[in-house]
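Engineer: fold the following.
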Amino acid sequence: MPFPRVCADHTVFAAVKGNGLFKSTDGGALWLPASAGLPSMSIRQVLLSPGYARDQTAFVFGQSGGLQRSADGGRTWTRVGELETVLLAALSPEFEQDGTLVALGYPKDAPARLLISRDRARAGNRWRARNRRLRGCQDSAWRPALQGGR
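Structural biologist: A predicted model of the protein is given here:
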């Protein structure tokens, strides 16, 4: 999904296998580490808020350490949610308005769970389970309803 505002401000994140997260604010000419405080240098996914240029919100997860959120453009990271191992995560295209974040993974010593957070002010602080009847949940696809639908 293109992020025109991110492209306009020239910010780019890159996860380098085994070496952590890097950030460029000049379109990739200069890269600086952005992994300080992350529990894993093996980053699997980087998620940027569709309004990143304004809200500076990013999420990452790696091999371990759960889902991490930054509200300051990657300078600091805070763990959010109960998942110890995250398999996948997604932000709503309307994240700035609805604050919807979905994550699939494993809490410590528990079966896989599909969780949803709609806590815009502090995205990821409050979660609700969405797979009560899904046994052996391994993977998921999520298509958010657009135009205010839930």
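
Engineer: CA only for contacts and neighbour counts going forward, please
Structural biologist: Noted.

Engineer: which non-adjacent residue is nearest Ala15?
Structural biologist: Leu21 (4.5 Å; CA to CA, 6 or more residues apart in numbering).

Engineer: so what does the one you found have for phi and psi?
Structural biologist: When quoted as degrees, to the nearest 10, the phi and psi of Leu21 stand at phi -110, psi 140.

Engineer: okay, now the unreliable bits of the chain?
Structural biologist: The model of the chain has pLDDT under 70 over residues 1-8, 120-121, 131-150.

Engineer: how about the helices in it?
Structural biologist: Remark: helices assigned in the chain by DSSP state H are 4-9, 52-55, 95-98.

Engineer: by contact count, what packs against the second one?
Structural biologist: Meaning helix 52-55. With contacts taken as 3 or more CA pairs under 8 Å, 6 or more residues apart in numbering; DSSP states H and E, helix 52-55 sits against helix 4-9.

Engineer: count the neighbours of Arg75 for me.
Structural biologist: For Arg75, the neighbour count with other CA atoms under 10 Å is 14.

Engineer: surely it meets Pro33?
Structural biologist: No: Arg75 is not in contact with Pro33 according to CA atoms under 8 Å; the separation is 9.4 Å.

Engineer: what is the neighbour count of Asp72?
Structural biologist: Using other CA under 10 Å, Asp72 has 13 other residues around it.

Engineer: name the nearest residue to Phe13, sequence neighbours excluded.
Structural biologist: Lys23 (4.5 Å).
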